[in-house]
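Need coordinates for the below:
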Amino acid sequence: MRDRPVETSALAIVSLVFGILAWVALPLIGAVIAIVTGHMARSEIQAAYPDLQGDGMAVAGLVLGYLNLVIAMFGVVLIVFGFGLLAFLA
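Next up is the predicted model:
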């Protein structure tokens, strides 16, 4: 039996919160923070596995952050090619 409770990684919580904020209020900054803290949290959790949890939250933050960046980059590419096409047609 465990003599102390299992803790949740604070970095995993930060990653999840900023992953959500990346979609709501802080598009680029939130995504970068979610990705960085998500990777840090997963390393921290693996190093102290039985005593530290939150890997699911860290992965969710990573997915939200990376997905936000990919969609933003896709949007930038579409805008650049759209203006390039308009310049070509003009």
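
Spit out the contact partners of Asp51.
With contact set as Cβ atoms under 8 Å, 6 or more residues apart in numbering, Asp51 has these partners: 4, 6-7. From N, CA and C alone the C-beta is placed, and that goes for glycine too.

any idea where the strands of the chain begin and end?
Remark: strands assigned in the chain by DSSP state E are 7-8, 52-53.

OK, contacts around Met40?
Applying Cβ under 8 Å, 6+ apart to Met40 gives the contacts Leu11.

Tell me, how many residues neighbour Ala12?
Ala12 has 27 neighbouring residues, counting by other Cβ atoms under 10 Å.

That one contacts Gln46, correct?
No: between Ala12 and Gln46 there is no contact, the gap being 11.8 Å when judged by Cβ atoms under 8 Å.

Per-residue pLDDT of the residue nearest the centre of the chain, please?
Nearest residue to the geometric centre of the chain (Cα atoms, centre = their mean): Gly65, 2.7 Å. Gly65 is assigned 97 on the pLDDT scale.
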